[in-house]
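Undergrad: fold the following and give me the result.
(one chain, ligands or ions: 1)
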Amino acid sequence: MSLLIKNTVLIFNLGTIYLRLILHRLLHINIKTLDLFTALQKHEVTPEMIDYVISTHGHSDHIGNNNLFLKAKHIVGFSISYKEQYFIHPFDTGDEYIINNSVKVIPTPGHTLSDVTVLVDTIDGDTVAVAGDLFEKFEDIANPNEWLEAGSEDPEQQRKNRFKVAALVHWIVPGHGPRFQVTDKIRESLKNQMLNLNQ
Ligand SMILES: [Zn+2]
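TA: Sure, this is the predicted structure:
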């Protein structure tokens, strides 16, 4: 089974260590600078081999090329479909969507009311969050205006979910910047912002 999490992309095959290593390597690449096909080819993956495509939310800059993956189950925010079939999953009551032992999708509304974040356990024992625009970039932690001005349909929920995700993971892949490591200082700052102590 292969999985593609779009925008800040990871690809991997759950069946082999080799492809799990690809996951790890791709986390070091700003995939937006690469052509998607080239990136796939480089790892001998074709669009037909992808079983899941996950787009963290439905904004136009996060859903490009979804139509290349006709054999995949698509998760776009809270919406899930496979070919002509549509599935209801209770993201709105907080339920996570389990893909397998190392990958799950959790609801993290705020930027849009139906944003999701993908949590991935890597072979190093780290947990990585592919967070879409819940985090625009690393700098938006020190300057919350960066994410507020990028658009937030529910800033209060977004503050809560920013802290919640940071508390769960070692690394965050934001929607528009390189991945960054989550420190206790970052968690503290996000907690203060959630409690409105700091802004
Ligand atoms: Zn967006």
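Undergrad: near the ion, which residues of the protein show up?
TA: Residues of the chain lying near the ion by C-beta under 5 Å from the ion: 59, 133. For glycine as for every other residue, the C-beta is placed from the backbone atoms N, C-alpha and C.
Undergrad: any idea which residue sits dead centre in the chain?
TA: residue 130 (2.7 Å; C-alpha atoms, centre = their mean).
Undergrad: give the next helix or strand downstream of the helix or strand hosting it.
TA: Element membership for residue 130 (DSSP states H and E) is strand 127-132. The element immediately downstream of strand 127-132 (helix or strand, assigned by DSSP H and E) is helix 145-149.
Undergrad: what's the angle from the helix or strand following that next one to strand 127-132?
TA: Of the helices and strands lying after helix 145-149 in sequence (DSSP H and E), the nearest is helix 155-168. Per axes from the mean of the first three to the mean of the last three C-alpha atoms, to 10 degrees, the angle that helix 155-168 makes with strand 127-132 is 160 degrees.
Undergrad: buried residues, helix 155-168. List them.
TA: Residues of helix 155-168 classed as buried by neighbour count (16 or more other C-beta atoms under 10 Å): 157-166.
Undergrad: before we move on, what about stretch 96-115?
TA: For stretch 96-115, by 16+ other C-beta under 10 Å, it's 97, 99, 102-112, 114-115.
Undergrad: equivalent analysis for stretch 143-157, please.
TA: By 16+ other C-beta under 10 Å, the buried positions in stretch 143-157 come out as 144, 146-147, 152, 157.
Undergrad: rewinding a little: let's see which of the buried residues of stretch 96-115 end up in strands.
TA: 97, 99, 103-107 (DSSP state E).
Undergrad: quick one: the residue lying closest to residue 155 once chain neighbours are set aside from residue 167, how far?
TA: Among residues not flanking residue 155 along the chain, residue 148 sits closest, at 6.2 Å (C-beta to C-beta, 6 or more residues apart in numbering). With the distance defined as C-beta to C-beta, to the nearest Å, residue 148 ends up 21 Å from residue 167.
Undergrad: flag the shaky bits of the chain, pLDDT-wise.
TA: Across the chain, the ranges flagged by pLDDT under 70 are 1-36, 39, 43, 123-124, 197-199.
Undergrad: in it, which residue sits closest to the ion?
TA: Minimum separation of the chain from the ion (C-beta to the ion) falls at residue 59, amounting to 3.4 Å.
Undergrad: if we go by neighbour counts, what in the strand holding residue 130 is buried?
TA: Neighbour-count burial for strand 127-132, counted by 16+ other C-beta under 10 Å, picks out 128-132.
Undergrad: biggest separation within the residues you listed, which pair?
TA: Greatest spatial distance in the buried residues of strand 127-132: 128 and 132, 13.2 Å, computed using C-beta to C-beta.
Undergrad: picking that back up, closest to residue 72 out of the buried residues of helix 155-168?
TA: Closest to residue 72, out of all of the buried residues of helix 155-168 and judged by C-beta to C-beta, is residue 165, at 24.4 Å.
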